[in-house]
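Engineer: Using only what follows, build the 3D model:
(chains A, B, C and D)
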Amino acid sequence: MALDKIGIAKRIAQEVQDGMYINLGIGIPTLVANYIPDALDVVLQSENGLLGIGQFPTEEKVDADLINAGKQTITMRDGSVLFDSAESFAMIRGGHVDLTILGAMEVSENGDISNWKIPGKMVKGMGGAMDLVASAENIIVAMQHTSRNGESKLLKECSLPITGLRCVKKIVTNLAVLEVQQAGGFKLLERAPGITVDEIREATAGKLIIEGDIPEMKID
Amino acid sequence: MALDKIGIAKRIAQEVQDGMYINLGIGIPTLVANYIPDALDVVLQSENGLLGIGQFPTEEKVDADLINAGKQTITMRDGSVLFDSAESFAMIRGGHVDLTILGAMEVSENGDISNWKIPGKMVKGMGGAMDLVASAENIIVAMQHTSRNGESKLLKECSLPITGLRCVKKIVTNLAVLEVQQAGGFKLLERAPGITVDEIREATAGKLIIEGDIPEMKID
Amino acid sequence: MINKVIKNASEAVKDIPDNAVLMLGGFGLCGIPENSIQALLETKVKGLTCISNNAGVDDFGIGLLLKTHQVKKMISSYVGENAEFERQLLSGELDVDLIPQGTLAERVRAGGAGIPAFYTPAGFGTEVAEGKETREFDGKMYLLETGLIADFALVKAWKGDTAGNLIFKGTARNFNPLMAAAGKITIAEVEELVPAGDLNPNEIHTPGIYVQRIFEGKNYEKRIEQRTVRS
Amino acid sequence: MINKVIKNASEAVKDIPDNAVLMLGGFGLCGIPENSIQALLETKVKGLTCISNNAGVDDFGIGLLLKTHQVKKMISSYVGENAEFERQLLSGELDVDLIPQGTLAERVRAGGAGIPAFYTPAGFGTEVAEGKETREFDGKMYLLETGLIADFALVKAWKGDTAGNLIFKGTARNFNPLMAAAGKITIAEVEELVPAGDLNPNEIHTPGIYVQRIFEGKNYEKRIEQRTVRS
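Structural biologist: Numbering: from 1, shown residues only, chains lettered A, B, ... in the order given. Below is the predicted model:
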């Protein structure tokens, strides 16, 4: 069965390693925080100026001066630090953030990503997405494998305006975990529980690389 | 009579206006601070990371962690602020410092300055001098009019390695106050007490511009 | 210490002329100069270019200035959540320049720091790169971006002193310190104004040298866009 | 919060290899990483390139590493007050690259911030400009300068926490925060090490993300170069 959003978040949480500094985008990526094992010590960065995002506040602790990049009220963990937007993107651009997890509308087989603009629709802006994808060494995309009308979002080339070139390393969708190959192509690493390789092949418009047996994801 | 160092410092202090942020170089410029009228509210910047240099400390208040750019122990005034070296030169480069006073070995008639290196002698480095002269809108040079062996330091062209081009606006020497003209030339503004125009002319190798009567400096 | 105190927001903004280029601090509605925006509504100044990460919401923040048609151009990274904005953009009344958030932050920082231009990887290979110089450093491609300055920067701090030194609170810091340094005239409104000497010199975020006018603001609403709580 | 604590200076520097590029914080002898320098004397690592605003004095700071011939190159803005330094320079044992102080600060800041290059006016028309690209912006001439990073950055702070967050004191801050961000491995020595959570998040100068190793130093001498007092 295809994963739901929580399933995707749970699978991505397995990619998190102890000691990582992580930037989580809006949507499914934000959910990942809920499934990182307690044994791992990681720090979440919010690009509006905080390292060490904590839980949502209780009603009494809500502070309008403490929000995340999705403009949600948050709290700080012990050891947090606040800074300005230039310092925040200095961290991102300078490669100090170990892992970036973000959503996408399309990913191409050479790792290009489109996630900021749909021609003909109101343009809201790229926010920090272009900085994140151009800077991060380690980007995981969380998304549905296909669009609402069934078209593949894993393409030979992106059809939508690009957010960044050759930057996506790994993709976790409702159907599969895939690795973007240096030479081009989506290497299939894992299948969602009950999903067949054929189903994934059918849902993938870009070059799909299948080597040997493809294991099923293990998700609690 | 030619001015002594204190006389030069006193004359430069007359250039200071209320509300100025000022960077003072090492040597005579440092002395200027002692002669700024109490009625004027100015803030002294130290490029190693302080706005609001105060007096030297009393023996009990000496703090190794609080020095000026000349590595002297100092104190902070009320309203001071500390910052790092990038912020310090952001201030300087960004034109936020209103007045820079520094020493020179030579100044040319188009405002070039040489003050960091003598060929054949040990090179100690330019420190912040090149940043200061390249950035400041308002630079006053404090120096002797001639070298120890009597050669003019106000030249047609600098003979020593350059610190910055076309940056000096005003020069206060032991003999005179001069303004560097946009089109080139040192316009004589004031004579030191008892010094004649002829004496200044003789001591000035670069183009000297003399218009009308040249008043004597007024120094307490 | 030089005294930068001015009576109130009206005094602070009264000489901002039509067609001025403004920077306004804030991320979403967090840390925005509420009092100065209100005062601009009263002066009815027109043709403003506003450099701000966001454009407020329909009835708060810069959204208020959009409603009164005082803004001619927005330079921002994200401008959603604003129906009037969308209407003006589609009708051609409003011009918008969208800039990646990190590039915007760095361009403002550069402007304040006297850096005329720098290279950044953000936007290479995208629409953002159109018309811009590109260059390879160490095998990676970058865009040349220029520093930004403004005629007036409007910032909001938590505490400030009479010398213009500022301390921000929480994530309300965001673009405020950068913009403070990049305004030819910087107007700081603070929740609490104290005498010079009351703030610890080691805890100040924005040195007073960047601030030309400071006043204690009032009636801060601090509206929250996404109130999220745990039970 | 991620724990960066390491036992002492010897542990912190033991894997610094011959010919490493180091950054060392400090201005003169103010804010220098005294313990890490001492530990480098003990590891006897050789061929170091040291990026530091100054080169210490004959018998303190980086001067100690010069005496033991562990330094092959200095990248600095001002290197006076050091007779051994002068001797090695004139004899060709030591290589020196002199950089304007503000350019040095900005190059280190750029390196940490992922900016590969930027334009600055300092040094235009001087020896510093030799071999460098120049360019005019808005009627003024600038040089293209590149970002600097180091294999290891050695910094000294006043307080630090187990997560690597740092607070500096007085003008001992200087180059330390910039270098902390520009080291691939950053080693911070602090006068007082506290648990994560003890420092106010709003008062931290260097976010722990930049620091890989932290330890509480000991026996700080904090030598003063120019003890000036008033009576």
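Engineer: Quick one: list the elements packing against the least confident helix or strand in chain A by mean pLDDT.
Structural biologist: Ranked by mean pLDDT, DSSP states H and E, the weakest helix or strand in chain A is helix A:28-32, scoring a mean of 93. Using 3 or more CB pairs under 8 Å, 6 or more residues apart in numbering or on different chains; DSSP states H and E, the elements in contact with helix A:28-32 are helix A:5-13, strand A:99-103, strand A:139-142. C-beta here means a position set from N, CA and C on the backbone, and glycine is covered the same way.
Engineer: Show me how far it is from its chain's centre.
Structural biologist: Relative to its parent chain, helix A:28-32 has a centroid offset of 8 Å by CA atoms, centre = their mean, to the nearest Å.
Engineer: continuing past that helix, what's the next helix or strand?
Structural biologist: Using DSSP states H and E, the helix or strand that follows helix A:28-32 in sequence is strand A:43-46.
Engineer: Does chain D have contacts with that next one?
Structural biologist: Yes - using CB under 8 Å from any CB of the partner chain, strand A:43-46 reaches chain D at A:Val43, A:Gln45.
Engineer: ok, back up a step: dump the least confident helix or strand of chain A to PDB, restricted to CA.
Structural biologist: Taking Å, rounded to 0.1, in the frame of the first residue of the first chain, the C-alpha atoms of helix A:28-32 are listed here in PDB:
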ATOM      1  CA  ILE A  28       5.700  16.600   5.100                       C
ATOM      2  CA  PRO A  29       9.200  17.600   6.100                       C
ATOM      3  CA  THR A  30       8.000  19.300   9.200                       C
ATOM      4  CA  LEU A  31       6.300  16.000  10.200                       C
ATOM      5  CA  VAL A  32       9.700  14.300  10.100                       C
END
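Engineer: how deep is C:Glu84 tucked in, by neighbour count?
Structural biologist: 18 (other CB atoms under 10 Å in any protein chain shown).
Engineer: can you give me the strands in the chain?
Structural biologist: Picked chain A for this. Counting by DSSP state E, chain A has strands at residues A:21-24, A:43-46, A:50-53, A:76-82, A:99-103, A:106-108, A:113-114, A:139-142, A:154-155, A:170-172, A:176-180, A:186-191, A:208-209.
Engineer: hmm, I had chain C in mind actually
Structural biologist: So, for chain C - with DSSP E - the strands run C:21-24, C:48-51, C:71-76, C:95-98, C:117-120, C:134-137, C:140-146, C:150-161, C:166-167, C:183-194, C:213-216.
Engineer: Around chain D, which positions in chain A sit nearby?
Structural biologist: Going by CB under 8 Å from any CB, the residues of chain A near chain D are A:19, A:21, A:41-43, A:45, A:50-52, A:76-83, A:86-87, A:89-97, A:135.
Engineer: do the same with chain C
Structural biologist: Near chain D, when you scan chain C using CB under 8 Å from any CB, you find C:106, C:110, C:113-121, C:135, C:137-138, C:140, C:142, C:146, C:167-170, C:202-203.
Engineer: And the helices and strands packed on helix A:28-32: which comes nearest B:Pro37?
Structural biologist: Closest to B:Pro37 of the helices and strands packed on helix A:28-32 is strand A:99-103 (CB to CB; 56.8 Å).
Engineer: Could you list the buried residues of the closest one?
Structural biologist: A:Leu99, A:Thr100, A:Ile101, A:Leu102, A:Gly103 (16 or more other CB atoms under 10 Å in any protein chain shown).
Engineer: same question, stretch A:11-22
Structural biologist: A:Arg11, A:Ile12, A:Ala13, A:Gln14, A:Glu15, A:Val16, A:Met20, A:Tyr21, A:Ile22.
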